[in-house]
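Participant: Structure for this input, please:
(5 chains)
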Amino acid sequence: MKRQRHRRIAVGRRAPAGAPPGTLVAQPDADQTSIEIFGYGPKGHERKSRCTASDITAARAAWPMVWVDVRGLADTALVRQVGNLFGVHELSLEDVINVHQRPKAEDFETHVFIVLRLPPDSSDAAGEQVSLFVGKDFLLTFQEREGDCFDQVRSRITSGAGIIHNGPDYLAYALIDACIDSYFPHLEALGERLEFLEGEVMLSPSPGQVSELHAVKRELLLMRRAIWPAREMVNALLRGESRFIGKKTLVFLRDVYDHTIQLMDIVETYREIASGLVDVYLSSQSTRLNEVMKFLTIIATIFIPLSFLASLWGMNFDREASPFNMPELGWHFGYPLALVFMGGVAVAMIAYFRLKKWL
Amino acid sequence: MKRQRHRRIAVGRRAPAGAPPGTLVAQPDADQTSIEIFGYGPKGHERKSRCTASDITAARAAWPMVWVDVRGLADTALVRQVGNLFGVHELSLEDVINVHQRPKAEDFETHVFIVLRLPPDSSDAAGEQVSLFVGKDFLLTFQEREGDCFDQVRSRITSGAGIIHNGPDYLAYALIDACIDSYFPHLEALGERLEFLEGEVMLSPSPGQVSELHAVKRELLLMRRAIWPAREMVNALLRGESRFIGKKTLVFLRDVYDHTIQLMDIVETYREIASGLVDVYLSSQSTRLNEVMKFLTIIATIFIPLSFLASLWGMNFDREASPFNMPELGWHFGYPLALVFMGGVAVAMIAYFRLKKWL
Amino acid sequence: MKRQRHRRIAVGRRAPAGAPPGTLVAQPDADQTSIEIFGYGPKGHERKSRCTASDITAARAAWPMVWVDVRGLADTALVRQVGNLFGVHELSLEDVINVHQRPKAEDFETHVFIVLRLPPDSSDAAGEQVSLFVGKDFLLTFQEREGDCFDQVRSRITSGAGIIHNGPDYLAYALIDACIDSYFPHLEALGERLEFLEGEVMLSPSPGQVSELHAVKRELLLMRRAIWPAREMVNALLRGESRFIGKKTLVFLRDVYDHTIQLMDIVETYREIASGLVDVYLSSQSTRLNEVMKFLTIIATIFIPLSFLASLWGMNFDREASPFNMPELGWHFGYPLALVFMGGVAVAMIAYFRLKKWL
Amino acid sequence: MKRQRHRRIAVGRRAPAGAPPGTLVAQPDADQTSIEIFGYGPKGHERKSRCTASDITAARAAWPMVWVDVRGLADTALVRQVGNLFGVHELSLEDVINVHQRPKAEDFETHVFIVLRLPPDSSDAAGEQVSLFVGKDFLLTFQEREGDCFDQVRSRITSGAGIIHNGPDYLAYALIDACIDSYFPHLEALGERLEFLEGEVMLSPSPGQVSELHAVKRELLLMRRAIWPAREMVNALLRGESRFIGKKTLVFLRDVYDHTIQLMDIVETYREIASGLVDVYLSSQSTRLNEVMKFLTIIATIFIPLSFLASLWGMNFDREASPFNMPELGWHFGYPLALVFMGGVAVAMIAYFRLKKWL
Amino acid sequence: MKRQRHRRIAVGRRAPAGAPPGTLVAQPDADQTSIEIFGYGPKGHERKSRCTASDITAARAAWPMVWVDVRGLADTALVRQVGNLFGVHELSLEDVINVHQRPKAEDFETHVFIVLRLPPDSSDAAGEQVSLFVGKDFLLTFQEREGDCFDQVRSRITSGAGIIHNGPDYLAYALIDACIDSYFPHLEALGERLEFLEGEVMLSPSPGQVSELHAVKRELLLMRRAIWPAREMVNALLRGESRFIGKKTLVFLRDVYDHTIQLMDIVETYREIASGLVDVYLSSQSTRLNEVMKFLTIIATIFIPLSFLASLWGMNFDREASPFNMPELGWHFGYPLALVFMGGVAVAMIAYFRLKKWL
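Facilitator: Model (predicted):
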């Protein structure tokens, strides 16, 4: 049994307690920062990589809608600069940098601030954090890393499909939807692992399975930790209090909400099954112990009296010194009778076990 | 113990994360699509099978109320065509095709969208999904397969009974009611299985029972997964916010709501009993182990000292070499005394066990 | 251990799924139907047994208030006839006949419909269902059987006490109160059984107790299933939304509500104690096993080395063939030394056990 | 282990089900009734013991505020007489007499009716019930017994402190506060008992501890049963809907509410710790069993093969009859070799155990 | 295993039940009282230590905002004097002195009263209590001890940063934020301890781990006891009902609220993992016992029959007295045949075990 490496539930590096709000402390393993700008509108779109702050101002002037996508959060100065361009609150910037936030939605004067969390993958145990700022005419996103499940959304812009005919709220929906939907394959993989374990525990219980079940339950716990607040977040958006989410987009968000409920539902079902399997395992262990002990008891209790008898007649009392000393050893049928008697004891014992339903 | 085949908790095939909403991807095992139309009104009714989209338009013109029943969801193009005829939202169509939705009710401009789930049967582990769209003058339903528990409702139309004198909301109620009521026999069967197990666990606990209990609990979990959201769905309809559900029909839906509560109540009661039975089984195992071990202990501890004594007097110390070497072997009553002493030890042991209340 | 007969949690016989609402299917073991009428008012009262539908009409004309008490539900036609006289909804009649309803209160145009459930008794495992229809000037009740805990209420009418000076809502309160209060003795009996078991489990744990505890928990589960919705039902009435429950009667219903809370509180307390006792039992089993095994271990590990030594010196190596072969058998103090050595081993073992705190 | 005497969770003696409301049935062990009157006002106070009903009328005329304190509830006629003087509802009187009420607050026309429960003591397992009726100018209290924790409040009246300058609601607050605060020492004692048990279970687990833990959990359950509804009761008063509780007193009640929350919080924490300790005990038992069994296994498996070998060479095959019969017995170094061989087997076994990490 | 010293869940010393409200009883281990005053405003700031009551009056006159920081609560007279200066309610003063309050926020006429609790440290098991009174132009704080996590906030005042440009509500926010954030390192330490235990339980389960897990769960329980009401408290402030918390500060408090939710989330996750680990440990114990017992059973059941055979042929039946007495001892190949037979029995046993999958 190798030591299992668990995904850690990290608290995250943060400014020391008592520091003024808005103190930006980059995470030790943060990626280099790069900015990509999508300017788009009903008439077309433009994509520009490796931009600077001034590119953003230019794009906002040129296009009706702008999506500024910041990837990598090592350069806190640049992050702050971009944030200030869009009037982002200093506390929100802190949340962007300290990538251990729970999914949430917060309403501000000029935008809605949304935190998402992608499902965990091999390179990132807790799942990448994505921060979205949805304004009247802009979408500002911050990601921890290059390369993600948003590529397909990007190609939907460049293909000139629905997105360019809608506001930034619809684009934000598309990103949230892509993020939530990317949990399904992870959950399905966990489900298959659980199902396999279920068969194993039933068929051939073995010690490693409990550790395996513990690991699955732990993964489900982490899943729930990410999905539950996502559900809350989408629900908060759905309540429709934000000016920046249009009524048309709400219908689509309702669909996302359904998906989060579905995810939670599956997670809870899996958790209950996993808990039940620990019980099944424990009872199988206890059954097995019973079986083993019964076998030992039967063998032992049959032979213990027989061995005693054999030892008895192996004693060296001096038969010549007295006729009372083990006269049976000298009987004509002494040995056969002894064997018959031993057999009788064995048969009686077996009969007793049968009576007790142990055999 | 054969490997038990569990109903799988499937996540369902869906468009890849990031795909535009309304992308229809047919499930791999979807049935061929066929359409049946019921035109009806207070003055009569007409039933027409294997219809096309144009038949629907004709029927809507001819009859005050129309029930369009689409069975089999393999032909996504036809499903989309029918959906468009009735102004169904693209997201709803996605839910119709991806048959892993939880029961729900959603309000739209021109109709209410209701998802139902039939109880699981031998051919479909998760239970068939039924999607209903209730409008002012139409009912549009999508089923996964031909042949279901709605036949009796159909005959109630053709028999000219109450349904034809009411709107499509009443017909929808009749279908929902038929669907919910079809859970009762399944639950009753589970209840009988549980009751049988209860007797078995009490009378003769055996290892397979825990797996059986696990299977029953799993079934109940799946039941709850289907009934709980159905309860929510009916409750949402009951709150009476939809224009498409008449006040008169609400009284009937209240009855359906009662049934869902009753179902949930029974499911929860069964679950608690099943959980309690696992405890009973484990304690019976532990009791049995105690019993077996006590028996072994008693037999062993009586004979172990006796065997030692017999071995002792079976030693070959040279009595001729010294008068100190096992003189008891030469005593006149050595052997009888030894037997009496052994008997005394056995009696003392038994007395000790009686004192300890082990016998 | 005899097979315990559990009260069954029945789903009840019902019309097949899809049948039109209001289809009355009598339960297989329903009693013969008979009707008793109480006409009463401030000026007096009249009691009439074995009535027909026309007697009801006559009594309603003659008396300001009428209590129609229908007992036995086999005659569905008569039940429907009586129901129609008072404008009872067809779904309510279905609930009256299918006697597996949860306690509930439903508001209709002309009456409130209340379902009660008496505590289980020897003849009826689930507890008799009582259905009440409280109108402006009538009380209509349906019971499964003759003879119940309402006799004392009846005598309060005939004795000319408070009831006749109040409306049918007060009479309904009196019946509900009598029904709820009849749970107390049942709960007290369960409490005594539990208390007895508590003493037994502490003093002398034995296998049957877990089954007993399971049975008690099951009974409590059934109690809770009946009392919880009764609490909800009384609460619904208390919220005072019904026109048919007077303000004065609400004060009395608040008292009934208190009693349901008290019942729930005791049921939950008992359930927690029962669950705790299973733990106590399991730990006592595990303690006992420890004790038994420790005893066996001590006896066995003391004698096993001794027996080995005795067997060793019982070997038949040919002392004459070589001076190396078991010379100790010929020593002058060989046997006493051997005994002393054996004693030393035993003492060392016992000392070791004392050191380990096993003795 | 002596049979532990548990505090009983009594249902209480009550009028038979169906009896008219307000039927007063004295508890079998009720104390003799005596009345004490405190007349007080800003100008002074008067205390009078062993009063009659007419004394009450006199005191109400003489003083602006009157506290009538009835102790002992055996004389139901006197209780009813006093109750009627203050316009107490017949159902409230029933609650006063049947001293098994949960703490609650009920609003009436002329007064608020409050039920309190003192913490359990040696003479009263369930805790004495105190009933308060707070009116515009009177406080009417009913206690089960003489002598309680209210003495200090009484001395606060006679000392001319704050109470006499406030209305009866403030006096009622003082009594409620004294009652709630008297739970703290009881809880502290339970906490010390639990802490002691915690140390014991960790250091030297022994069977009696589980029963002890069960007893502590039971006490906590009873505590919770009393404190939880008290919290609800104070909260109900706090919501400020009663005319008889002044705004100034509400501030003080908020403090009482805080105390009830603090009590609940401690009770729940203790319960969780107690539950955790049962787990710790069970795991220590299982660890101990493992240890004992491992020891037995090691001793037994080392000596069992050795004993077999000794027995083998103790067989009596006739060496003279054939050279194949146990020739090793005649070897020159037979015995030493046998001893060496046995030692080798023992060493091999020990090595195996070391390999398996059992030693 | 040394006796673990647990942090005690203390109830706290308090005035005896029934004492008038506002009775100040200093805790036995309270520190000496000293007062520090911060006068500040947009124009500058002043810090003054070891002040008296008259210094406070002077500072309030001189500066627009004043922070009075009282440390050590032994001098109840001084505490009361300071409290009266700011119009603090006597009940609040009682809460300040009795340092066992749960975090809470209470609204008064002239201020908001906030109770905080710092995380536990080595010198204070329950965590230091901090009481804040936030008024229009003052902040009054009471701490149990000198030296805390507020030093950084103090330096933010003296550095002339944001705090001096805002009201006392912002300063209060800064203190609350510093307090809540100081929980993160504690939680992280617990998380590391748990993670270490997780690895240990999986790899090499040992008895002490359950006690360790119990200790971790206990710490988490204490954490939750402090964080949960803190969350409630911040939420109460957030609901914005207090006049003394400005709208701008609410945005910052929302961030604190997020942190409390994050803390609760981590605490609950850790608790679930810890609970799961106890299961893993128990199942590993049961697996280990199975393994040990199986080994014993195999060794014992192989050798028990062999030993019996050896004893059998060691019996001393007189072969000369009768040809029936153990003739096999005289056979030419008696001994080799006996050995072969014994070997056969051993092989059969092993084969049987293989068949049973025990080997």
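
Participant: list the contacts for residue A:108?
Facilitator: Listed by Cβ atoms under 8 Å, 6 or more residues apart in numbering or on different chains, the contact partners of residue A:108 are A:87-89, A:92. To be clear about C-beta, it is placed using only N, CA and C from the backbone, and glycine gets the same treatment.

Participant: Tell me the confidence at the residue nearest to residue A:315 when sequence neighbours are not counted?
Facilitator: Leaving aside its chain neighbours, residue A:315 sits nearest to residue B:313 (4.1 Å; criterion: Cβ to Cβ, 6 or more residues apart in numbering or on different chains). What the model reports for residue B:313 is a pLDDT of 87.

Participant: Surely residue B:313 touches residue A:325?
Facilitator: No: between residue B:313 and residue A:325 there is no contact under Cβ atoms under 8 Å: 10.7 Å.

Participant: Give me the common contacts of the two.
Facilitator: With Cβ under 8 Å, 6+ apart, residue B:313 and residue A:325 have common neighbours A:317, B:329.

Participant: Per the annotation, how does chain A divide into domains?
Facilitator: According to automatic domain parsing, chain A comprises the domains A:34-281, A:290-355.

Participant: Compute the first-to-last residue distance for the last one.
Facilitator: The one in question is domain A:290-355. Using Cα to Cα, to the nearest Å, one end of domain A:290-355 lies 18 Å from the other.

Participant: related to what we said a few turns ago, can I get the domains of chain A in JSON lines with distance to residue D:61?
Facilitator: Converted to JSON lines, these look like this (distance: least, Cβ to Cβ, whole Å):
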{"stretch": "domain A:34-281", "distance to residue D:61": "60"}
{"stretch": "domain A:290-355", "distance to residue D:61": "81"}
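
Participant: what's the distance between residue A:44 and chain E?
Facilitator: Computed as Cβ to the nearest Cβ, to the nearest Å, the residue A:44 to chain E distance reads 38 Å.

Participant: actually residue A:298, sorry about that
Facilitator: 9 Å.

Participant: and that residue, what element?
Facilitator: Residue A:298 is part of helix A:247-312, with elements assigned from DSSP states H and E.

Participant: That helix to helix C:247-312, inter-axis angle?
Facilitator: 40 degrees (axes from the mean of the first three to the mean of the last three Cα atoms, to 10 degrees).

Participant: Toward the C-terminus, what is the element adjacent to helix A:247-312?
Facilitator: Later in the chain than helix A:247-312, the nearest helix or strand by DSSP H and E is helix A:334-355.

Participant: If you average the pLDDT over that following helix, what comes out?
Facilitator: 89.

Participant: next one: stretch A:166-182
Facilitator: Rounded mean pLDDT across stretch A:166-182 is 90.

Participant: How about it and chain B, touching?
Facilitator: Yes: using Cβ under 8 Å from any Cβ of the partner chain, stretch A:166-182 comes into contact with chain B via A:174, A:177-179, A:181-182.

Participant: Apart from its neighbours in sequence, what residue is nearest whichever residue of the stretch 101-250 of chain A sits closest to chain B?
Facilitator: Residue of the stretch 101-250 of chain A nearest chain B, by Cβ to the nearest Cβ: residue A:152 (3.1 Å). The shortest distance from residue A:152 to any non-neighbouring residue, by Cβ to Cβ, 6+ apart, is to residue B:18 (3.1 Å).

Participant: Quick check: residue A:207 touching residue E:289?
Facilitator: No: if you go by Cβ under 8 Å, residue A:207 and residue E:289 don't touch, sitting 11.5 Å apart.

Participant: Settle it for me: which of these two has more neighbours?
Facilitator: The residue with more neighbours, out of residue A:207 and residue E:289, is residue E:289; 20 against 17, by other Cβ atoms under 10 Å in any protein chain shown.

Participant: quick one on the thing from earlier: so the residue of the stretch 101-250 of chain A closest to chain B sits in a helix?
Facilitator: Yes: assessed by DSSP: H, G, I helix; E, B strand; the rest coil, residue A:152 belongs to a helix.

Participant: What is the burial count for it?
Facilitator: Other residues close to residue A:152 by other Cβ under 10 Å number 15.

Participant: mind listing what it touches?
Facilitator: Going by Cβ under 8 Å, 6+ apart, the list of residues near residue A:152 reads A:178, B:16-19.

Participant: ok, so of the contacts of residue A:108, who is nearest residue E:50?
Facilitator: residue A:89 (40.0 Å; Cβ to Cβ).

Participant: Pretty sure the closest one sits against residue E:252.
Facilitator: No: at 9.5 Å, residue A:89 does not count as touching residue E:252 under the criterion of Cβ under 8 Å.

Participant: Quick check on the residues of stretch A:166-182 next to chain B: which are buried?
Facilitator: A:174, A:177-179, A:181-182 (16 or more other Cβ atoms under 10 Å in any protein chain shown).

Participant: can you put those in CSV and add distance to chain C and secondary structure?
Facilitator: Shown next, in CSV, are those (distance: Cβ to the nearest Cβ, whole Å; DSSP: H, G, I helix; E, B strand; the rest coil):
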residue, distance to chain C, secondary structure
A:174, 42, helix
A:177, 37, helix
A:178, 41, helix
A:179, 40, helix
A:181, 35, helix
A:182, 40, coil
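
Participant: Residue D:131: which of the residues you listed is nearest?
Facilitator: When those are compared against residue D:131 (criterion: Cβ to Cβ), the nearest one is residue A:179, at 59.4 Å.
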